[in-house]
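Student: pasting a predicted model and its sequence here:
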Amino acid sequence: MTTAQLVSEIKKKQSFLCIGLDVDLNKIPEHLLKEEDPIFAFNKAIIDATHHLCVAYKPNTAFYEAYGLKGWKALEKTIVYLNENYPEIFTIADAKRGDIGNTSTMYAKAFFEDLAFDSVTVAPYMGKDSVEPFLEFKDKHTILLALTSNQGAFDFQTKQLEENELYKEVLKISKTYKNSENLMYVVGATKAEYLAEIRQIIPESFLLVPGVGAQGGNLQEVCKYGLNNQIGLLINSSRGIIYASKNEDFAQQAAKKAQEIQNEMSAFV
Ligand SMILES: O=c1ccn([C@@H]2O[C@H](COP(=O)(O)O)[C@@H](O)[C@H]2O)c(=O)[nH]1
């Protein structure tokens, strides 16, 4: 999907919500455990109930890898279901990959070609030759970790180097990579006050912003500092939406939560 298509979808739906599909078998409604593939059954119900309220879904691959082959198959069924039924939705594999060049190429093929995701999250730590293989894929997006939502972000990401904090160097240096127009960045909603300075370095780029809902990030603050003239934000909530209820009405309750966020977002679009 191109960035222009994503922006057009945001305008159409008056939403820049990304729903995280982080499926934990201990948290899904009990009646689904009788299904042949409970993870996919859960995802399908959530997607069918919420697709009109969001522009992106973000399965975090950890929640699928944890269940071995069954989990990976459920991830594959989920992305196939999305691409066949809701091709207008932007899909994010939150996998946080990145390795030496030839290995990064294989990660990129896994997520962009085999699974046909629109984007994948990548850690910048190994540098240019670990990121550029992902950027070679046309109309695919590499979402680089810049300033993450967790407390541990302060261990390294905000450390002062000669000129800048480390996360700012990630933003500045990555802009010089080949095909850098295919880059987006992760900035945690819990770090909204950093967004004004971040926008000075990368005014045009899309940001994936996790951390509203369960982690306590504030949507209004993120919008205040992070919006650009194309919206430029995908705000993610996972647990706060998909686990709104553990009862038979779980999908409707998830849609209710998503609707509340979409209502708030519509004022900004
Ligand atoms: O900085 C980051 C990067 C990734 N995440 C991921 O986003 C979701 C957040 O889930 P919630 O349930 O809405 O808290 C999850 O998959 C994280 O691994 C992040 O939170 N922060």
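Tutor: Thanks, I have the structure now.
Student: who's in contact with Phe42?
Tutor: Residues near Phe42 by CB atoms under 8 Å, 6 or more residues apart in numbering: Val23, Ile28, Pro29, Leu32, Ile242, Phe250. All C-beta atoms are positioned from the backbone trio N, CA, C, and that covers glycine.
Student: wait, a strand at it?
Tutor: No. Counting by DSSP: H, G, I helix; E, B strand; the rest coil, Phe42 is located in no strand; its state is helix.
Student: look up how far Glu169 lies from the residue lying farthest from the centre of the chain.
Tutor: The outermost residue of the chain, judged against the average C-alpha position, is Glu162 (31.0 Å), by CA atoms, centre = their mean. Plainly put, Glu162 is 9 Å away from Glu169 if you go by CB to CB, to the nearest Å.
Student: then Val187?
Tutor: On the measure of CB to CB, Val187 and Glu169 end up 15 Å apart.
Student: check Ala45 too.
Tutor: Where Glu169 is concerned, Ala45 sits at a distance of 43 Å (CB to CB).
Student: again, but for His51
Tutor: On the measure of CB to CB, His51 and Glu169 end up 38 Å apart.
Student: in terms of neighbours, single out the busier of those two.
Tutor: Neighbours were counted for His51 and for Glu169 using other CB atoms under 10 Å; His51 has more, 19 against 16.
Student: okay, the more buried one: pLDDT?
Tutor: Among the per-residue scores, His51 shows a pLDDT of 98.
Student: cool, Asn179 as well?
Tutor: pLDDT, Asn179: 98.
Student: and for it, the neighbour number?
Tutor: Counted with other CB under 10 Å, Asn179 comes out at 15.
Student: please name the nearest non-neighbouring residue to it.
Tutor: Leu135 (3.8 Å; CB to CB, 6 or more residues apart in numbering).
Student: isn't that neighbour up against Lys175?
Tutor: No. The pair Leu135 / Lys175 is not scored as a contact, 11.7 Å apart, by CB atoms under 8 Å.
Student: common neighbours of the two, please.
Tutor: With CB under 8 Å, 6+ apart as the test, Leu135 and Lys175 both reach Leu183.
Student: could you give the mean pLDDT of the helix or strand hosting Asn263?
Tutor: Assessed by DSSP states H and E, Asn263 sits inside helix 250-266. For helix 250-266, mean pLDDT rounds to 98.
Student: packing partners for it?
Tutor: strand 17-20, helix 38-50, helix 219-226, strand 233-237, helix 239-242 (3 or more CB pairs under 8 Å, 6 or more residues apart in numbering; DSSP states H and E).
Student: now those as CSV including distance to the ligand?
Tutor: As requested, the helices and strands packed on helix 250-266 are exported to CSV (distance: least, CB to the nearest ligand atom, whole Å):
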stretch, distance to the ligand
strand 17-20, 5
helix 38-50, 13
helix 219-226, 12
strand 233-237, 5
helix 239-242, 3
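Student: before we move on, back to that, got the contacts of Phe42 as a markdown table, with neighbour count columns?
Tutor: Output for the contacts of Phe42, formatted as a markdown table (neighbours: other CB atoms under 10 Å):
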| residue | neighbour count |
| --- | --- |
| Val23 | 28 |
| Ile28 | 22 |
| Pro29 | 18 |
| Leu32 | 18 |
| Ile242 | 28 |
| Phe250 | 22 |
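Student: let me know the closest of the residues you listed to the ligand.
Tutor: Nearest to the ligand among the contacts of Phe42 is Ile242, at 8.2 Å by CB to the nearest ligand atom.
Student: burial of Lys91, as a residue count?
Tutor: No, residue 91 isn't Lys; it's Thr. Other residues close to Thr91 by other CB under 10 Å number 24.
Student: can you check Met126 too?
Tutor: Around Met126 there are 15 residues (other CB under 10 Å).
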